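K.L.:
Build me a structure from this.
(2 chains)
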Amino acid sequence: KAGVTQTPRYLIKTRGQQVTLSCSPISGHRSVSWYQQTPGQGLQFLFEYFSETQRNKGNFPGRFSGRQFSNSRSEMNVSTLELGDSALYLCASSLGASAKNIQYFGAGTRLSVL
Amino acid sequence: DQQVKQNSPSLSVQEGRISILNCDYTNSMFDYFLWYKKYPAEGPTFLISISSIKDKNEDGRFTVFLNKSAKHLSLHIVPSQPGDSAVYFCAASGTSGTYKYIFGTGTRLKVLA
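P.N.:
Predicted coordinates for the structure are as follows:
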């Protein structure tokens, strides 16, 4: 069974640009969550989607948005990039929306903003 | 405000000995706790979990202990192996929260051969 796939693996952008990251969950998983990992900050929750609806949202500015498609694939968009947005962005999928459904992570997209 | 804290950024242990990784939380509404392991260039991998109705859960070499009164959990690895060298994250979740998991900042474990 294929795992969670994130594309691209690496991205370099400049300040002010926008970026779209993609996540394909494990087959059959309907919940997709996004996290930002920066040094010293651990993994910070961005948002969670279930059946194309955003269920939860973390404490991030409106420049961060996402969506989920009918096949459960998800995209995350960051507009007007800032230097501080440089981070590893991780996507995780789980069978259902319950917190007790284990989340399985992709390898992440490393975004560098210059 | 860091609701889940891992106060030791790094830990070194001799192969064969016990590794103890600690995690503290502040929100008493958390009722489910997990540990993830992360190798470089890979995503975090689920290791073990524990519900707040238990105080211990064991899976092979890995045991998680939960002390609800102290709002503290720990992960014990016995015996430690070089392949266990990784960054370990604890995470917490509450059924009434607006988030899925709140993660700690991680502890880098190095098992010395």
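
K.L.:
drop to CA atoms for contacts and neighbour counts, all remaining ones
P.N.:
OK.

K.L.:
Can you get me a residue count around residue 24?
P.N.:
No chain was given, so I picked chain A. 23 (other C-alpha atoms under 10 Å in any protein chain shown).

K.L.:
I was thinking of chain B, sorry if that wasn't clear
P.N.:
For B:Asp24, the count of nearby residues is 21 (other C-alpha under 10 Å).

K.L.:
what does A:Arg63 give?
P.N.:
13.

K.L.:
Quick check, it in contact with A:Ser79.
P.N.:
Yes: counting by C-alpha atoms under 8 Å, A:Ser79 is a contact partner of A:Arg63 at 5.1 Å.

K.L.:
what's next to the lowest-mean-pLDDT helix or strand in chain B, contact-wise?
P.N.:
Ranked by mean pLDDT, DSSP states H and E, the helix or strand of chain B with the weakest confidence is strand B:102-103, at a mean of 90. The contact list for strand B:102-103 (C-alpha atoms under 8 Å, 6 or more residues apart in numbering or on different chains) reads A:Gly42, A:Leu43, A:Gln44, A:Phe45, B:Gln3, B:Val4, B:Phe89, B:Cys90, B:Ala91, B:Ala92, B:Ser93.

K.L.:
Where do the helices of chain A begin and end?
P.N.:
Shown for chain A, no helices are assigned by DSSP state H.

K.L.:
Quick check: residues of it near chain B?
P.N.:
Residues of chain A found near chain B (C-alpha under 8 Å from any C-alpha of the partner chain) are A:33, A:40-45, A:47-48, A:56-58, A:90, A:99-100, A:102-108.

K.L.:
Show me those residues that map onto strands.
P.N.:
A:Ser33, A:Gly42, A:Leu43, A:Gln44, A:Phe45, A:Phe47, A:Glu48, A:Asn56, A:Lys57, A:Leu90, A:Tyr104, A:Phe105 (DSSP state E).

K.L.:
Spatially nearest residue to A:Phe45, not counting backbone neighbours?
P.N.:
A:Tyr35 (4.6 Å; C-alpha to C-alpha, 6 or more residues apart in numbering or on different chains).

K.L.:
repeat for B:Lys68
P.N.:
Distances taken as C-alpha to C-alpha, 6+ apart put B:Ser52 closest to B:Lys68, at 7.3 Å, once the chain neighbours are dropped.
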